[in-house]
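K.L.:
Below are the sequence and a predicted model; questions follow.
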Amino acid sequence: MTASHPDARARRGRSYIGIMSGTSLDGVDAVQIEISGPQQLRLIAHAHQAYPAALRDELLALNLPGDNEIHRAETAALQIAQAYAQAVAAVLYLSESEAGDIAAIGAHGQTIRHRPDIGYTVQLNAPALLAELTNIPVVADFRRRDIAAGGQGAPLVPVFHAALFQAERPRALLNLGGIGNLTLLRPGQDPVGFDTGPGNMLLDLWCQRHTGNGYDAGGAWAASGQCLPDWLAYLLQSESWLNLPPPKSTGRDLFNSAWLDARLAAAGQASPADIQATLTQFTVTTVLEALARHAPDTEELIVCGGGARNLHLMSALTRQAPCPVNASDAYGVDPQHMEAMAFAWLAWAHHHGVPASLPSVTGARHRSILGAWYPA
């Protein structure tokens, strides 16, 4: 499919559905929003569709080299599209809408490889199947055009942050999904954005390994432990990626179970709760060091993503940050809706021929219209 915009393409409404299933792999968030302009949007409905355990396990496995990868990846992509379609159906039910009320679906897909350093990225998805199942056009494959122009293809959300949060004063948005990333907004300047390192990724991994739970609810388990200062310093010093200048992006290709296991011996006989507490502080420290290095004049830090619900992590950020810290709820946006809203907005941008890549974020040679269109 192509990203062309023929005049005959029907613009069936101002509502767009955005779908996000991030590196945390907990499931699918879908939102329906009405968009009447780049900065005029209204949330209509939201739904969450959990991944089946077997699909989640397969997606985790596909982040690492393995046997029969092409067949397994394509099979998983079909299951992802089916989960997306179920989430779309739930949103339409909640909003009392029909397929014909939706202009397009923005569906990012599930990242299993991200190697912009050598020119490729892989997001599992079956957008043609999703269009068939929902009878709604789909915009997908958002990263590749930016990578083709020499960019990182990530992070993609800063352009939406810039549209939603005007830079009336120096402030930053922190998205804490599986990976943490910052958007730096300055009056009169292009937005800057980059990944900071693990967000919830290592926390979820360790929690699943030792408690069987998918995540550390509220950060309660981490709060029961003690941060290990020496091991924290070792984690920070042992990873050279953290010192790279922007533009930069990362994912499970780097911060995975092998990365953590290679460093556990240096923690000695620490309890699992102490490891969790230290990994939480590792996320906080990498964010704040990046902020101090690249935006020391920041007057407010706005937090979104699932990590904004980790009370222990948010408390540490609030205590240690040099500026006020607020979850995006303070601005009327649920932290867990932000990324799905961003992909609805990116679908709108594609549909209207608006270049949505930001060279100041990704390092691309020029701005590009992102995504590919799959008709219903």
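P.N.:
Arrived safely, thanks for sending. Numbers count the residues shown, from 1 in each chain.
K.L.:
in this protein, which spans are helices?
P.N.:
53-62, 69-95, 127-134, 144-148, 158-164, 201-211, 220-223, 229-238, 257-264, 272-294, 311-320, 338-351, 359-362 (DSSP state H).
K.L.:
Of all the ones you listed, which one is nearest residue 246?
P.N.:
Between residue 246 and these, the tightest spacing by CB to CB is seen for helix 272-294, at 6.8 Å. Quick note: C-beta positions are derived from backbone N, CA and C, even for glycine.
K.L.:
low-confidence ranges in this structure?
P.N.:
1-13 (pLDDT under 70).
K.L.:
and if we set it to 90?
P.N.:
1-14, 21-27, 36-40, 49, 53, 60, 63-65, 166-168, 214 (pLDDT under 90).
K.L.:
give the contact list for the residue of it most remote from its centre.
P.N.:
In the chain, counting by CA atoms, centre = their mean, residue 269 sits farthest out from the average C-alpha position, at 33.8 Å. Not one residue lies near residue 269 by CB atoms under 8 Å, 6 or more residues apart in numbering.
K.L.:
again with residue 28
P.N.:
19-21, 48-51, 83-84, 86-87.
K.L.:
at 6 Å instead, please
P.N.:
Contacts for residue 28 (CB atoms under 6 Å, 6 or more residues apart in numbering) come out as 21, 49, 83-84, 87.
K.L.:
Please apply the same query to residue 310.
P.N.:
With contact taken as CB under 6 Å, 6+ apart, residue 310 is in contact with residue 219.
K.L.:
and if we set it to 10 Å?
P.N.:
176, 199-200, 203, 215-220, 222-223, 280, 283, 303, 316-317 (CB atoms under 10 Å, 6 or more residues apart in numbering).
K.L.:
try residue 284
P.N.:
Going by CB under 10 Å, 6+ apart, the list of residues near residue 284 reads 176, 180, 227, 232, 307, 312-321.
K.L.:
the strands in the stretch 101-250 of the chain, which residues?
P.N.:
Using DSSP state E, counting those that start in this stretch, the strands of the stretch 101-250 of the chain run over 102-107, 110-115, 120-124, 138-140, 171-176, 179-185, 192-198.
K.L.:
Dump those strands to a markdown table, plus distance to residue 274.
P.N.:
Formatted as a markdown table, the strands of the stretch 101-250 of the chain follow (distance: least, CB to CB, whole Å):
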| stretch | distance to residue 274 |
| --- | --- |
| strand 102-107 | 40 |
| strand 110-115 | 31 |
| strand 120-124 | 35 |
| strand 138-140 | 42 |
| strand 171-176 | 21 |
| strand 179-185 | 21 |
| strand 192-198 | 17 |
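K.L.:
so how far is residue 278 from the closest residue to residue 153 other than its chain neighbours?
P.N.:
Setting aside the residues directly before and after it, residue 153 is nearest to residue 143 in space (CB to CB, 6 or more residues apart in numbering), at 3.5 Å. Here the criterion is CB to CB, to the nearest Å. By it, residue 143 lies 32 Å from residue 278.
K.L.:
And residue 375, by the same measure?
P.N.:
From residue 375 to residue 278 the distance is 50 Å (CB to CB).
K.L.:
returning to that earlier point: same list, the contacts of residue 28, but as JSON lines with distance to residue 364 please.
P.N.:
What follows is the contacts of residue 28, written out as JSON lines (distance: CB to CB, whole Å):
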{"residue": "21", "distance to residue 364": "25"}
{"residue": "49", "distance to residue 364": "32"}
{"residue": "83", "distance to residue 364": "31"}
{"residue": "84", "distance to residue 364": "27"}
{"residue": "87", "distance to residue 364": "30"}
